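Student: Would you be able to build a 3D model of this:
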Amino acid sequence: MLLDPVSLSEYRTEISAIGDPLFHGETSLYIEDIINSKSQHMIFALFRSGRVAGFFVLSSVLDEAEIIEVAVSENLRRNGIASQLMTEVFEWCEKNGVAHIFLEVRESNFPAIEYYKK
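Tutor: Residues are numbered from 1 along each chain as shown. Down below sits the predicted model:
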């Protein structure tokens, strides 16, 4: 689900807690910028039992998009959450005329690399 600023305000703490600590608070900055309409970033989230299970941060300009961050709650990994979010993001991109989607991943992030190879 693409979160609007009101929903984002409600779930900002949960989303920030799931985010990668290597981003050093960037997730919180993305959230604040979206809430204050100062960003072209979007956050897609998936919920389980009323809580944020995972999220994607996406940036889109013209016909290009970049997946900035992917995070799934540690206790819910390997349950298809990232795949469901990826499908939703791809569908949003297709509906909104995005022709190219980019993603970067750290060379040391072996679980993510294996997932993206699928």
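Student: And Pro111, how far from Ser16?
Tutor: Separation of Pro111 from Ser16 (Cβ to Cβ, to the nearest Å): 21 Å. All C-beta spots, glycine's among them, are computed from the backbone N, C-alpha and C.
Student: neighbour-wise, which of these two wins?
Tutor: The neighbour count for Pro111 versus Ser16, taken as other Cβ atoms under 10 Å, is higher for Ser16 (19 against 10).
Student: Tell me if that one really is in a helix.
Tutor: Yes: counting by DSSP: H, G, I helix; E, B strand; the rest coil, Ser16 is found in a helix.
Student: now the strands for this structure?
Tutor: 41-48, 51-61, 64-72, 100-103 (DSSP state E).
Student: In JSON lines, list those strands along with mean neighbour count.
Tutor: As requested, the strands of the chain are exported to JSON lines (neighbours: other Cβ atoms under 10 Å):
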{"stretch": "strand 41-48", "mean neighbour count": "18"}
{"stretch": "strand 51-61", "mean neighbour count": "20"}
{"stretch": "strand 64-72", "mean neighbour count": "20"}
{"stretch": "strand 100-103", "mean neighbour count": "12"}
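Student: Just put those in a markdown table and tack on mean pLDDT.
Tutor: Shown next, in a markdown table, are the strands of the chain (pLDDT from 0 to 100):
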| stretch | mean pLDDT |
| --- | --- |
| strand 41-48 | 89 |
| strand 51-61 | 89 |
| strand 64-72 | 88 |
| strand 100-103 | 90 |
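Student: JSON lines for those, including distance to Glu91?
Tutor: Output for those, formatted as JSON lines (distance: least, Cβ to Cβ, whole Å):
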{"stretch": "strand 41-48", "distance to Glu91": "10"}
{"stretch": "strand 51-61", "distance to Glu91": "12"}
{"stretch": "strand 64-72", "distance to Glu91": "12"}
{"stretch": "strand 100-103", "distance to Glu91": "12"}
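Student: Of those, which is nearest Asp4?
Tutor: strand 41-48 (9.8 Å; Cβ to Cβ).
Student: how far out from the middle of the chain is that closest one?
Tutor: Distance of strand 41-48 from the chain centroid (Cα atoms, centre = their mean, to the nearest Å) equals 6 Å.
Student: switch to numbering from 744
Tutor: With 744 as the first residue, the last one maps to strand 784-791.
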